[in-house]
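*Asks:* sequence first, predicted coordinates after that:
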Amino acid sequence: MTLYDAVSALPLRIEGYDLSHPERDTSSGFTRTTTVVSLYGEGNTGRGEDVTYESEAHDALRDVDDPFELAGTYTVDSFSGSISETDLFCGRSPDQSAFRRYRRWAFESAALDLALKQAGTDLATRLDRTYDPVRFVVSTRLDDPPTGDRIDAWLRRDPELEFKLDPTPAWTEALVERLAATDAVRTVDLKGYYEGTDVDQSADPELYELVVEGFPGALIEDPELTDETRPLFDGHKERVAWDYPIDGVESVESLPWDPEWLNIKPSRFGSIRSLFETIEYCREHGIDCYGGGQFELDVGRTHLHALASLFYPEGPNDVAPRGYNAPTHSDGLPSSPLSPPDDPSGMMWKADTGGDE
């Protein structure tokens with residue numbers, strides 16, 4: 001039985017739904033808005049989170065009274081088919097086509113959460129797996145101009161923290177040496193595949209060489225491969241990880257070479273089926289995975305923890321509890337690894353704690 005087979009036939013009864021719109025400032029200098037989808041039925045509520053990076057798309061849902069006809073009896077699979085044919089943007093065209101998958105994921109994950117709860121079970125039990133402790137790294141940008149001060153401040157609070165960093169052309173050799181000396185940098189994200197976003201970064205051979213050589217034990221995520229940059233990865237292909245292009249099995253098969261590492265961001269896949277099929281493909285082909293997040297503000301972050309716990313708990317998971325994304329450092333945040341849940345339910349890892357898990 002495949003992973004999807006284990007959940008696809010679960011009965012699902014939806015009596016109604018609610019939408020809420022959390023908002024929060026982030027350490028990356030922007031205000032994050034998401035939409036939380038709450039489906040309810042038979043005394044239970046299933047929740048999912050739309051991580052679309054377009055505030056106007058979230059605002060538009062506030063202006064439409066009951067835009068979706070969702071009440072009814074389904075299976076997880078039939079709901080997926082129904083939601084795939086629903087215009088979740090209510091006639092608008094989102095800035096990026098990927099946002100349609102992000103919103104679909106919110107509804108599908110909410111539906112699976114609800115179906116599991118209505119069946120009186122949780123995802124681990126349904127998949128005949130166990131929840132393991134989740135190792136996480138902290139993804140953060142450096143100061144402007146870039147220094148290592150922010151990393152030093154985190155390490156003073158918790159010397160065991162590990163990091164995922166986004167190098168830029170402003171990085172110097174001295175800065176790389178300072179960061180490498182912490183022995184805490186596990187992933188460097190070159191963001192070479194982003195287009196039309198605030199974090200686009202063109203291939204820079206000097207920067208690529210600096211980080212490839214300067215962080216010999218770190219994964220190098222999403223390099224843009226050109227005639228100048230591709231040779232820099234000769235002998236280092238096993239350290240290259242892919243994130244932005246990955247939204248299903250076909251995208252994995254289309255990579256420049258057989259990958260060793262993938263960053264799995266569930267929202268990129270849109271559907272439960274696509275996510276589970278890709279995870280199984282990676283397991284069958286010996287591809288290591290780690291989880292990634294998209295500045296989730298609510299239940300989406302707990303879903304990331306649950307999935308990482310089930311499938312790639314020891315990877316350098318970019319799923320730090322939400323408090324690590326706040327503009328100011330806080331004391332008392334959970335340390336890595338995160339402990340498994342005591343009383344799991346549905347898709348949830350643990351009950352929402354308002355920012356720490």
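*Replies:* Good, I have the coordinates. Everything numeric in this text was worked out from a predicted model, so none of it was measured. Numbering: from 1, shown residues only.

*Asks:* got the phi and psi for the residue lying farthest from the centre of the chain?
*Replies:* Residue farthest from the centre of the chain, counting by CA atoms, centre = their mean, is A174 at 31.2 Å. Backbone torsions of A174, given as degrees, to the nearest 10, read phi -60, psi -40.

*Asks:* what pLDDT is listed against it?
*Replies:* Note for A174: predicted pLDDT of 97.

*Asks:* ditto for S78
*Replies:* Confidence score, pLDDT, at S78: 98.

*Asks:* separation between it and S93?
*Replies:* Counting by CB to CB, to the nearest Å, the gap from S78 to S93 is 27 Å. C-betas here are computed from N, CA, C, even on glycine.

*Asks:* the more surrounded of these two?
*Replies:* Neighbour count, other CB atoms under 10 Å: between S78 and S93, S78 has more, with 15 against 10.

*Asks:* which SS class is the more buried one?
*Replies:* helix (DSSP: H, G, I helix; E, B strand; the rest coil).

*Asks:* which elements pack onto the one helix or strand in the chain whose mean pLDDT sits lowest?
*Replies:* Using mean pLDDT, DSSP states H and E, strand 23-25 stands out as the lowest-scoring helix or strand of the chain, at a mean of 83. If contacts are counted by 3 or more CB pairs under 8 Å, 6 or more residues apart in numbering; DSSP states H and E, strand 23-25 sits against strand 31-33.

*Asks:* walk me through which strands the strand it packs on pairs with, and which way each runs.
*Replies:* Sheet pairing of strand 31-33 (DSSP bridges) gives strand 23-25 (antiparallel).

*Asks:* the strand it pairs with: which residues count as buried?
*Replies:* R24 (16 or more other CB atoms under 10 Å).

*Asks:* next: stretch 25-36.
*Replies:* Buried residues in stretch 25-36, counted by 16+ other CB under 10 Å: 27, 32-36.

*Asks:* please enumerate residues in contact with it?
*Replies:* 19-24, 47-52, 55, 58-59, 61, 103, 106, 140-141, 198, 295-300, 324-327 (CB atoms under 8 Å, 6 or more residues apart in numbering).

*Asks:* chain center to the longest helix along the chain: distance?
*Replies:* As assigned by DSSP state H, the longest helix anywhere in the chain is helix 98-118. Helix 98-118 has its C-alpha centroid displaced from the chain centroid by 14 Å (CA atoms, centre = their mean, to the nearest Å).
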